[in-house]
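In: sequence and predicted model, in that order:
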Amino acid sequence: NLGAILRKLGRLDDAIASHQRALQIKPEFAEAHCNLGNALFGLGRLAEAISSCQRALHINPDYAEAHCNLGSVLFSQGRLNEAIVSFQRALQINPDSSEAHNNLGTVLFRQGRLDEAIVSCQRALKINPNHEKAHSNLLMFHQYKPGITLDRLAFVHAEWNRIHGTPLQRSYPLVTSSAGPEHRLRLGFVSPDLGLHPVGYFLVRFLESLDPTDCETFCYSDRLQKDALTTRISAAVGTWRDTFGESDEALARAIHADRIDVLIDLTGHTANNRLLVFARKPAPIQ
């Protein structure tokens, strides 16, 4: 349990140590093997993650969560057909796993099986209407659906906001530091992709080209693994904040405390988005 908490905080090496200690005490502890696989997956140690999930399934072949986690690692390796088998096995054991339905939809979407992907996400949401990630995936899938109308797209996005966004809206005090012509605009950028990723490629030259006498820049990075482009981006901004593991509420409060004038989302409804931070309205312009 300590390892699971450490993983959510982004302390993956510590999480691995906790799970390994649990397994020293109880080597046939399927849940610990499964959780160890999650932590290894987070560090990109995919072969070890697969081995841990398989060990959990050797101990308990009907462990739905381990099948689901194994499918996620296989998906990250591009082994799509094998991932589908794992998710389908998880759903045979536990048909009410909204996570497995959502993950299956993601793989089907990657294979171009759009209608099936939409059905999977709809099943996830029927089980758990508050499954925000599944709902975000459903919106992404609609973007690629042939014949979709703008009115329909507007409706499904408004539904997402009605269910997930509107209940979180709160009235933070207005940022008041922007009075006066000499005030430097405080720009905030939120993303899990500030590194070797299309977002990083597009953003870095923009940040490097900004005149620091005109504006102050803040990056809120939800990226656990850093690379050369992460280093370059962080060098181009005035303030860099690592936010992996922070709750949406804590991040919204931090953004407001930084007195951001304009907050910019770089993720939309793609993976690991922080749209529920934006729902809280921590900046006057978003």
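Out: Perfect, thanks for sending it.

In: how about the helix or strand hosting A66: buried residues?
Out: In the assignment (DSSP states H and E), A66 maps to helix 64-76. For helix 64-76, burial by neighbour count (16 or more other C-beta atoms under 10 Å) applies to A64, E65, A66, H67, C68, N69, L70, G71, S72, V73, L74, F75. Heads up, the C-betas are built off the backbone N, CA and C, glycines and all.

In: same question, stretch 44-52
Out: Neighbour-count burial for stretch 44-52 flags R45, E48, A49, I50, S51, S52 (criterion: 16+ other C-beta under 10 Å).

In: check which helices and strands the helix holding A66 sits against.
Out: The contact analysis (3 or more C-beta pairs under 8 Å, 6 or more residues apart in numbering; DSSP states H and E) places helix 64-76 against helix 30-42, helix 46-59, helix 80-93, helix 98-110.

In: let's have those helices in CSV, adding mean pLDDT.
Out: Below are the helices and strands packed on helix 64-76 laid out as CSV (pLDDT from 0 to 100):
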stretch, mean pLDDT
helix 30-42, 96
helix 46-59, 97
helix 80-93, 98
helix 98-110, 97
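
In: what's the closest of the ones you listed to C121?
Out: C121 lies closest to helix 98-110 among these, at 4.4 Å (C-beta to C-beta).

In: now could you export just the CA positions of the helix or strand just after that closest one as CSV?
Out: Counting by DSSP H and E, the next helix or strand C-terminal to helix 98-110 is helix 114-127. Taking C-alpha atoms only, helix 114-127 is exported to CSV below (Å, rounded to 0.1, in the frame of the first residue of the first chain):
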residue,chain,number,x,y,z
LEU,A,114,-13.5,3.5,-34.6
ASP,A,115,-17.0,2.3,-34.0
GLU,A,116,-15.9,-0.5,-31.7
ALA,A,117,-13.7,2.0,-29.8
ILE,A,118,-16.6,4.3,-29.2
VAL,A,119,-18.8,1.4,-28.0
SER,A,120,-16.1,0.4,-25.5
CYS,A,121,-15.9,3.9,-24.1
GLN,A,122,-19.6,4.2,-23.9
ARG,A,123,-19.7,0.9,-21.9
ALA,A,124,-17.0,2.3,-19.6
LEU,A,125,-19.2,5.4,-19.0
LYS,A,126,-22.3,3.4,-18.5
ILE,A,127,-20.6,1.6,-15.6
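
In: pull the residues that contact the next helix or strand after helix 114-127.
Out: The element immediately downstream of helix 114-127 (helix or strand, assigned by DSSP H and E) is helix 132-143. Residues outside helix 132-143 that contact it (C-beta atoms under 8 Å, 6 or more residues apart in numbering): 98, 101-102, 105-106, 109, 114, 117-118, 121-122, 124-125, 128, 148, 152-153, 156-157, 160, 163-164, 269-270, 273, 275-276.

In: if any of those are buried, give me the PyMOL selection for them.
Out: Of those, the buried ones can be selected in PyMOL as follows, counting by 16+ other C-beta under 10 Å:
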select buried, resi 98+101+102+105+106+109+114+117+118+121+122+124+125+128+160+164+269+273+275+276
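
In: list the contacts of T239.
Out: Taking C-beta under 8 Å, 6+ apart as the test, what T239 contacts is E216, T217, F218, C219, D258.

In: so the third one sits against V190, correct?
Out: No. Under the criterion of C-beta atoms under 8 Å, F218 is not in contact with V190, lying 9.3 Å apart.

In: which of the two has more neighbours?
Out: V190 (28 against 20; other C-beta atoms under 10 Å).

In: how about the nearest residue to that one, chain neighbours excluded?
Out: Counting by C-beta to C-beta, 6 or more residues apart in numbering, V190 lies nearest to Y220, which is 4.6 Å off, once chain neighbours are set aside.

In: hang on, the earlier thing: now the buried residues of stretch 44-52 as JSON lines including distance to Y144?
Out: Converted to JSON lines, the buried residues of stretch 44-52 look like this (distance: C-beta to C-beta, whole Å):
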{"residue": "R45", "distance to Y144": "32"}
{"residue": "E48", "distance to Y144": "34"}
{"residue": "A49", "distance to Y144": "29"}
{"residue": "I50", "distance to Y144": "30"}
{"residue": "S51", "distance to Y144": "35"}
{"residue": "S52", "distance to Y144": "34"}
